[in-house]
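J.: Provided below for reference: sequence and predicted model.
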Amino acid sequence: MLYQQGGSRMNIVVCLKQTFDTEALIVLKDGKIDPTGVTLVINPDDEYAVEEGIRLKEKHGGEVVIVAIGNNRTPEAIRTALAMGADRAALIDDPALAEADDQSNIEALAQYISTLNYDIILTGIANVDTGSVQLAQRLAERLNLPCANMVTKLDIEGTKATTLREIDGGKEILELPLPAVIAAQQGLNEPRYPSVPGIMKAKKKELKTFKLPDLGIDASSVGTQIQIEKITLPVARRTGHMIQGEPAEAAGELARILSAEKKVL
C-alpha cells in the first residue's frame, strides 16, 4: 500500500458509480433492465463524496482522483465529476465485470487504489440502483483501513479525521486515523453544479482506462455468488376513483368503499 500522511496537502480518492437517473422510466426486456434511452447520472450518494473531496482539496490543497468501474457510457459521469473540480480519473472497464458481484468489483477497486498515494478514500453510502451498502466497509477491510459510514460531517486535522455519523436512534462522533475510508450521505454537503469553465477544463483532464489484466487480475477468476432469478416491476397503482351521484349518495358510497374495500372505517 502506498499512502502519504502529514503535511497540508491531501491526496483524495473518490469512488464513483454511474447509475440510472432516479426519475427514469424503467423498462424490462428479456428479464433484464433495458438501458436504451435512459439518462445515466452519478450515483446520488457518490455526488456527496465527490463534493467533499473537492472541498477537502480546496481547504488543504492536493489532488482528487476519481475511480470508477463501468463501460463506454461511464465517462459521461466521470467528466461531470471532473467538471465539478476533481483532477483526474481512472475507469476500470472490463467485460468480465459487467455481471460481477460486489466482491469482484471491490477487488478491482482495491487493486487500483493500492497503487496510489492517498490520505483518504471517499464513497457514497449506497448504490441507488442495487441498494447495496457494502462498498465502504468491504473496501476498508480489503485495504486494512478504518472506516466511518453514514457520515454527515467531516473534519480533518493533521492525520486525524473526526466524523459525525448517524446511528440507530441518534448520532455518533467517531475519530479515525488517516488514511481511512469515509462513506458520505445526504447532509454532509450540497454538491455544486459544474460551471461552464469547469466543463471545458474537464475535457482536457486525464481519464485513463484499465482492463483487469492491467491490475494484475485474471478475468477468468471474476464472477458472482449472487443468482438473480427474476426482475419484476412494482404493481401499478390504481388510478383515482370517481364517485358519481348526488352528494348524499356519493357520501354513502364513499363510506362503503372505505369500510368494505379499504378497511379503514
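T.: Yes, it's here. Numbering: from 1, shown residues only.

J.: roughly how far does the nearest residue to Thr152 once chain neighbours are set aside sit from Leu16?
T.: Closest residue to Thr152 in three dimensions, ignoring its sequence neighbours and counting by CB to CB, 6 or more residues apart in numbering: Gly187, at 4.1 Å. From N, CA and C alone the C-beta is placed, and that goes for glycine too. To Leu16, Gly187 is 19 Å away according to CB to CB, to the nearest Å.

J.: with neighbour numbers in mind, choose between the two.
T.: Leu16 (27 against 13; other CB atoms under 10 Å).

J.: do you know the pLDDT at that one?
T.: What the model reports for Leu16 is a pLDDT of 97.

J.: what's near enough to touch it?
T.: Contacts for Leu16 (CB atoms under 8 Å, 6 or more residues apart in numbering) come out as 42-43, 46, 49-50, 66-68, 77-78, 81.

J.: if you set the cut-off to 10 Å instead, what comes out?
T.: If you count contacts by CB atoms under 10 Å, 6 or more residues apart in numbering, Leu16 has them with 42-43, 46-47, 49-50, 53, 66-70, 74, 77-78, 80-81, 86, 89, 91, 122-124.

J.: swap in Arg73?
T.: Applying CB under 10 Å, 6+ apart to Arg73 gives the contacts 18, 35, 38, 40, 93.

J.: wait, which of those residues is closest to Pro146?
T.: For the contacts of Arg73, the residue nearest Pro146 by CB to CB is Gln18; the value is 27.8 Å.

J.: can you name every helix or strand that the longest strand along the chain contacts?
T.: In the chain, assigned by DSSP state E, the strand with the most residues is strand 147-157. Helices and strands touching strand 147-157, by 3 or more CB pairs under 10 Å, 6 or more residues apart in numbering; DSSP states H and E, are helix 44-60, strand 120-124, helix 135-143, strand 160-167, strand 170-177, strand 180-184.

J.: quick check: buried residues in that strand?
T.: 147-152, 154, 156 (16 or more other CB atoms under 10 Å).

J.: now it: mean pLDDT?
T.: pLDDT averaged over strand 147-157 gives 96.

J.: what strands flank that strand, and is each parallel or antiparallel?
T.: strand 160-167 (antiparallel), strand 180-184 (parallel) (DSSP bridges).

J.: quick one: closest of these to Glu23.
T.: That would be strand 180-184 among those, by CB to CB, at 21.7 Å.

J.: return the distance of the closest one from the chain's centre.
T.: With CA atoms, centre = their mean, to the nearest Å as the basis, strand 180-184 stands 12 Å off its chain's centre.
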